[in-house]
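Student: Sequence and predicted structure below; questions after.
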2 protein chains.
Amino acid sequence: MPKVGMEPIRRQQLINATMAAIDEVGLAETTVMRIARHAGVSAGIISHYFGGKDGLLEATMRQILTDLTDAVAIRRRTLDDDSPRAHIGAIIEGNFDRTQVTGPAAKTWLAFWASSMHKPMLQRLQNVNDRRLYTNLCHQFKRVMPHSEARNAARGLAAMIDGLWLRGALSPEGLNAEEARFLAHTYLEQLLANYDAPASAPNTHS
Amino acid sequence: MPKVGMEPIRRQQLINATMAAIDEVGLAETTVMRIARHAGVSAGIISHYFGGKDGLLEATMRQILTDLTDAVAIRRRTLDDDSPRAHIGAIIEGNFDRTQVTGPAAKTWLAFWASSMHKPMLQRLQNVNDRRLYTNLCHQFKRVMPHSEARNAARGLAAMIDGLWLRGALSPEGLNAEEARFLAHTYLEQLLANYDAPASAPNTHS
DNA sequence: ATTTTTTTATTGAACGTTCAATCAATAAAA
DNA sequence: TTTTATTGATTGAACGTTCAATAAAAAAAT
């Protein structure tokens, strides 16, 4: 089977297999053999392409974070309205896209989240992303409210997004993305209510 | 050292040592030897009192959940005001007490949270607690707003509490409990604003 | 076109390490 | 002397990594 130019293909295969394995049995029981079996290759290949198991795990987390960043960035770039509400709305939407909020990516994300507490490299990646979410939210809120208010709004909305997502990942039924988005947007409207004109229709507590 | 009636003492010692170990190096690298060393006993004693490592981990999670439940229950029992606002406020306060929001309990909690995704017994414990938080919030909100509204308010506040706590556990500086409580209470006031008279002073966006 | 050589990709058994669990031995209290 | 509590060396299983062997494709030579 050795064809030339296998590297990018195998790398992606193994990253996907890693997510599948973590989704299946959790990070603690994800062995290189299980990952290799998912990818249909041998265990040794992991060390060959990623230097070892840790390298593969790091690459997998990197991809998840990249996917999230892209999901947000694309929505913000294709905005027909430059208002803070539109930007923050796009951030919410992007955070509940996550390539696939349901399925392997979701549980993998949470597994890495917990793991990052004690692995400096993962913690660094985690922190960069957390800070970006907060900074972006803060910047938009500051356009319509005092800075101290904006900081609290950003902290609150960031917590709500993570909390919705966390509860979704843990609930047996998985994350109801539609409901999560609704709750986040409703909260956003409440935050903006005192400073901005309502979006399209006033929120009528349907 | 063998005195009679050591069982409850050793059990507590080992549970505390488990939290200390998880706080120190994370769940993945928490071995029975490390726990035993923290407790100042030998590794074999863990199997003797808890049937094995898993038994000890389960007991540790049970205690954390019990502590949380108690922290909420105590505050709700000593309420001088039976209003929904007071009850929900007590739930918020209890959730940010957690015996010690900072320190070993916090990281242990998150570690178990992630682990519960693939361990049925931990998942059951996790679910009972999540459901209780939601049910309690929902019941109080229903006293002042339509049921469908109340459900959303409860889901939103539950997500905010978990999200604040999650971000706190992960941030290098640890959870700022005071700030978290402030954000949660502010959100509560926003949720109640349309249905209830303000608490003591109107919220003046300080 | 066919054969030979070189390069690249992959395998999987072997190795060393780590860990949880066990249990016979031990020691202190009753 | 009996009971209770505890130890810690041992055991067996599981894991990640390594590396010599292998096999297929690509390149070179015929």
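Tutor: Received the coordinates, thanks. On a predicted model such as this, the values are computed, not experimentally measured, just so you know.

Student: anything in stretch A:178-187 near chain B?
Tutor: Yes. Counting by Cβ under 8 Å from any Cβ of the partner chain, chain B has neighbours in stretch A:178-187: A:179, A:182, A:183, A:186, A:187. (Each C-beta comes from the backbone N, C-alpha and C, glycine too.)

Student: how far does the worst-scoring helix or strand of chain A on mean pLDDT sit from the chain's center?
Tutor: Comparing helices and strands within chain A by mean pLDDT, DSSP states H and E singles out helix A:104-115 as the least confident, with a mean of 92. When distances are taken as Cα atoms, centre = their mean, to the nearest Å, helix A:104-115 is centred 9 Å away from the chain's centroid.

Student: same question, stretch A:173-191
Tutor: With Cα atoms, centre = their mean, you get 15 Å for stretch A:173-191.

Student: mean confidence for it?
Tutor: The pLDDT scores in stretch A:173-191 average 94.

Student: and it, which residues are buried?
Tutor: A:175-177, A:180-181, A:183-191 (16 or more other Cβ atoms under 10 Å in any protein chain shown).

Student: Dump the C-alpha coordinates for it into PDB.
Tutor: Only the C-alpha atoms of stretch A:173-191 are listed here, as PDB (Å, rounded to 0.1, in the frame of the first residue of the first chain):
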ATOM      1  CA  GLU A 173     -29.400  13.000  24.900                       C
ATOM      2  CA  GLY A 174     -26.500  15.100  23.700                       C
ATOM      3  CA  LEU A 175     -26.600  18.800  23.100                       C
ATOM      4  CA  ASN A 176     -29.800  20.300  21.700                       C
ATOM      5  CA  ALA A 177     -28.000  22.900  19.500                       C
ATOM      6  CA  GLU A 178     -31.200  24.700  18.600                       C
ATOM      7  CA  GLU A 179     -32.200  25.200  22.200                       C
ATOM      8  CA  ALA A 180     -28.700  26.200  23.200                       C
ATOM      9  CA  ARG A 181     -28.600  28.900  20.500                       C
ATOM     10  CA  PHE A 182     -32.000  30.200  21.500                       C
ATOM     11  CA  LEU A 183     -31.000  30.500  25.200                       C
ATOM     12  CA  ALA A 184     -27.700  32.200  24.300                       C
ATOM     13  CA  HIS A 185     -29.400  34.700  21.900                       C
ATOM     14  CA  THR A 186     -32.100  35.400  24.500                       C
ATOM     15  CA  TYR A 187     -29.400  36.200  27.000                       C
ATOM     16  CA  LEU A 188     -27.600  38.400  24.500                       C
ATOM     17  CA  GLU A 189     -30.800  40.400  24.000                       C
ATOM     18  CA  GLN A 190     -31.200  40.900  27.700                       C
ATOM     19  CA  LEU A 191     -27.700  42.200  27.900                       C
END
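
Student: ok, back up a step: out of the residues of stretch A:178-187 next to chain B, the closest to chain B would be?
Tutor: residue A:183 (4.9 Å; Cβ to the nearest Cβ).

Student: so what's residue A:14 up against?
Tutor: By Cβ atoms under 8 Å, 6 or more residues apart in numbering or on different chains, the contact set of residue A:14 is A:35, A:36, A:39, A:41, A:45, A:46, A:49, A:50, A:56.

Student: State the number of residues packed around the third one.
Tutor: The reference is to residue A:39. Counted with other Cβ atoms under 10 Å in any protein chain shown, residues neighbouring residue A:39 total 20.

Student: on that earlier part again, which of the contacts of residue A:14 fall within helices?
Tutor: Among the contacts of residue A:14, the residues falling in helices (DSSP state H) are A:35, A:36, A:39, A:45, A:46, A:49, A:50, A:56.

Student: how about CSV for these, with pLDDT and distance to residue A:87 added?
Tutor: What follows is the ones in helices among the contacts of residue A:14, written out as CSV (pLDDT from 0 to 100; distance: Cβ to Cβ, whole Å):
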residue, pLDDT, distance to residue A:87
A:35, 98, 38
A:36, 98, 43
A:39, 97, 39
A:45, 97, 43
A:46, 98, 40
A:49, 98, 38
A:50, 98, 36
A:56, 98, 35
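
Student: Excluding residues flanking it in the chain, which one is nearest the residue nearest the centre of chain A?
Tutor: Central residue of chain A (Cα atoms, centre = their mean): residue A:68, 4.6 Å from the mean position. Sequence neighbours aside, residue A:98 is the residue nearest to residue A:68 in space, at 5.7 Å (criterion: Cβ to Cβ, 6 or more residues apart in numbering or on different chains).

Student: Could I get the pLDDT score of the one you found?
Tutor: Per the predicted model, pLDDT is 70 at residue A:98.

Student: Please, which helix or strand holds it?
Tutor: Of the helices and strands defined by DSSP states H and E, none includes residue A:98.

Student: what residues are up against it?
Tutor: By Cβ under 8 Å, 6+ apart, the contact list for residue A:98 reads A:64, A:67, A:68, A:71, A:105, A:106, A:109.

Student: mind checking how far it is from residue A:63?
Tutor: Distance, residue A:98 to residue A:63, by Cβ to Cβ, to the nearest Å: 12 Å.

Student: Name the residues that touch stretch A:166-176?
Tutor: Contacts for stretch A:166-176 (Cβ under 8 Å, 6+ apart): A:96, A:101-102, A:106-107, A:109-110, A:164-165, A:177, A:180, B:113, B:116-117, B:123, B:126-127, B:130, B:158-159, B:162-163, B:166.
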